[in-house]
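A.B. asks: Whatever this is, show me its structure:
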Amino acid sequence: MSENITHVTDTDFDVLVLKSSTPVLVDFWATWCGPCRAIAPALEDIASEYHGRVKVAKVDVDSNQKTAIAYNIRSIPTLMLFKDGKVAATQLGAVPKTAIARFVEQAL
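C.D. replies: Below is the predicted model:
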């Protein structure tokens, strides 16, 4: 796991994501999810390439059901970009790194 990716829980989601002064790309995922594991390397690259401009965080939906329910996560992986405490954009499913980068750029 990249040192640029933060694991966020129900307890610290508000502080680490909603109150962040930097936009946060949140990956809602689970350990058993193959597509979630497939996009992990791309997210690590994005976290490095956008370091300082965008934070990348992961929320395990099995361990953090309160947050998953609050954001109506029905399929994983779901990527949400939070800006100023609000959802600025959502991307469903496993997509290539170029699509994730485009998603982040459009939301910035």
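A.B. asks: ok, the most centrally placed residue in the chain to Val54 distance?
C.D. replies: The C-alpha lying nearest the average C-alpha coordinate of the chain belongs to Val26 (C-alpha atoms, centre = their mean; 1.6 Å). Noted for Val26: a distance of 11 Å to Val54, by C-beta to C-beta, to the nearest Å. Using the backbone N, CA and C atoms, a C-beta is placed for each residue, glycine as well.
A.B. asks: Need the overlap of contacts for those two.
C.D. replies: Leu81 (C-beta atoms under 8 Å, 6 or more residues apart in numbering).
A.B. asks: Could you tell me which ranges of this protein sit under the pLDDT cut-off?
C.D. replies: For the chain, the stretches with pLDDT under 70 are 1-2.
A.B. asks: mind listing the strands in it by residue range?
C.D. replies: Secondary structure of the chain (DSSP state E): strands located at 5-7, 24-29, 55-60, 78-83, 86-92.
A.B. asks: hey, which of those strands is tucked in deepest?
C.D. replies: Highest mean neighbour count of these: strand 24-29, a mean of 24 (counted as mean count of other C-beta atoms under 10 Å).
A.B. asks: Give me the residues contacting it.
C.D. replies: Applying C-beta under 8 Å, 6+ apart, the contact partners of strand 24-29 are 8, 16-17, 36, 39, 43, 46, 50, 54-61, 68, 71, 73, 76-82, 100, 104.
A.B. asks: and the angle from it to strand 86-92?
C.D. replies: 40 degrees (axes from the mean of the first three to the mean of the last three C-alpha atoms, to 10 degrees).
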